[in-house]
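Engineer: Quick one: sequence and predicted model below, then my questions.
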Amino acid sequence: MNTVVIDCFPESAIRYRSGFAVVAIDVVRATTTTITALATGRRCFPVPTLEQALETAARLEDPLLVGEQRGEIPPGFHINNSPSLIQSRTDVERPAVLLSSSGTRLCEGAALCDAAYVACLRNYAATAEHLAMRFPSIAVIGAGNYGEFREEDQMCCAWLADCLMDLGYAAGDRNTLDLVHAWRNQPADAWAGNKSANYLRNSGQLYDLDFILAHIGDLSIPCAIIGGEVVAEASSIPASVRTEEVGTRDVR
């Protein structure tokens with residue numbers, strides 16, 4: 001039986017290192033920024049630490065340093081971890097090196113698994129459809145923040161898992177089923193009064209909240225992590241975790 005589980009926090013990725021396709025989700029804001037960068041035609045390299053950001057940047061031609069640590073833009077970085085700002089830039093030929101407090105650490109952990117993807121509210125349905133044709137066991141992991149599984153990540157994880165369940169998957173545990181039931185029929189802005197949203201409001205970054213809520217399910221690109229880079233529709237799928245193709249139907 002094909003199964004999907006929902007989990008949280010970067011440290012959880014190690015549980016799914018063998019036999020799973022892992023989907024990293026950080027709606028506010030790392031995976032939304034990553035996928036938005038790819039949608040504009042820009043390459044993107046998520047990194048877990050400032051040291052690795054600088055090392056990666058040194059190997060690239062004219063990189064754009066994007067990100068934050070504990071809400072602060074590191075010295076020498078060009079822009080914050082912001083989907084709105086990355087969308088507005090025209091220098092798409094510059095590869096983005098992305099650093100965030102938790103989302104890019106989750107991407108690093110996911111990349112050590114058999115197969116790794118990133119998703120957000122923009123491409124959750126496309127990701128589910130892509131994975132359903134390829135992997136029997138899927139773990140959808142929210143980045144979390146300060147020890148909390150934030151509501152925006154819960155919702156995105158639940159919506160993606162719900163799509164997979166529509167495509168024939170079963171919830172791998174009770175927690176997954178409860179989260180899907182809790183968020184299945186919620187509107188896209190159901191989390192817009194939580195800590196993450198209030199942080200964006202109070203820090204003068206309301207444009208990112210508006211951007212996220214204005215871009216729901218608008219992209220059809222599944223995005224995989226390969227060799228430290230996030231790429232659209234990876235063609236290399238480990239044979240060890242392939243499954244028989246399952247039927248598809250309309251999803252959320």
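Structural biologist: Arrived safely, thanks for sending. Numbers count the residues shown, from 1 in each chain.

Engineer: from here on, contacts and neighbour counts on C-alpha atoms
Structural biologist: OK.

Engineer: Flag the shaky bits of the protein, pLDDT-wise.
Structural biologist: Scanning the chain with the threshold set as pLDDT under 70 gives 234-252.

Engineer: pull the longest helix from it.
Structural biologist: helix 151-166 (DSSP state H).

Engineer: Okay, now the sheet partners of the helix or strand just after that helix, with direction.
Structural biologist: Sequence order places strand 170-171 as the next helix or strand after helix 151-166, per DSSP states H and E. Under the criterion DSSP bridges, strand 170-171 sits next to strand 3-8 (parallel) in its sheet.

Engineer: and the angle from the strand it pairs with to helix 151-166?
Structural biologist: 180 degrees (axes from the mean of the first three to the mean of the last three Cα atoms, to 10 degrees).

Engineer: so after strand 3-8, what's the next helix or strand?
Structural biologist: strand 21-25.

Engineer: Which residues does that next one contact?
Structural biologist: 13, 16, 31, 103, 106-107, 110, 113-120, 131, 135, 137-143, 153, 156-157, 241 (Cα atoms under 8 Å, 6 or more residues apart in numbering).

Engineer: Point out the ones among these that are inside helices.
Structural biologist: Going by DSSP H, the helices hold T31, G103, L106, C107, A110, L131, D153, C156, C157 from the contacts of strand 21-25.

Engineer: Can I get those in a markdown table including distance to Q205 and neighbour count?
Structural biologist: Formatted as a markdown table, the ones in helices among the contacts of strand 21-25 follow (distance: Cα to Cα, whole Å; neighbours: other Cα atoms under 10 Å):
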| residue | distance to Q205 | neighbour count |
| --- | --- | --- |
| T31 | 17 | 32 |
| G103 | 18 | 29 |
| L106 | 23 | 31 |
| C107 | 24 | 32 |
| A110 | 28 | 29 |
| L131 | 33 | 22 |
| D153 | 19 | 25 |
| C156 | 21 | 28 |
| C157 | 24 | 32 |
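
Engineer: now, which of those residues sits nearest L213?
Structural biologist: Nearest to L213 among those, counting by Cα to Cα, is C156 at 12.1 Å.

Engineer: burial count for the nearest residue to the closest one once chain neighbours are set aside?
Structural biologist: Spatial nearest neighbour of C156, chain neighbours left out: L121 (5.9 Å); criterion: Cα to Cα, 6 or more residues apart in numbering. Counted with other Cα atoms under 10 Å, residues neighbouring L121 total 28.

Engineer: chain center to stretch 72-84: distance?
Structural biologist: 18 Å (Cα atoms, centre = their mean, to the nearest Å).

Engineer: Report the buried residues of it.
Structural biologist: Neighbour counts over stretch 72-84 (16 or more other Cα atoms under 10 Å) mark I73, P74, F77, I79, N80, N81, S82, P83, S84 as buried.

Engineer: circling back to that earlier point, which secondary structure elements does the longest helix of the chain contact?
Structural biologist: Packing contacts for helix 151-166, counted by 3 or more Cα pairs under 8 Å, 6 or more residues apart in numbering; DSSP states H and E, involve strand 3-8, strand 21-25, helix 124-132, strand 137-142, helix 174-183.

Engineer: ok, residues contacting that helix?
Structural biologist: 4-6, 25-28, 120-121, 124-125, 127-129, 132, 140-144, 171, 176, 179-180, 183-184, 191, 194, 249, 251-252.

Engineer: hmm, back to that, now the helices and strands packed on helix 151-166 in TSV, with distance to L54?
Structural biologist: As requested, those are arranged in TSV below (distance: least, Cα to Cα, whole Å):
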stretch	distance to L54
strand 3-8	27
strand 21-25	23
helix 124-132	30
strand 137-142	26
helix 174-183	37
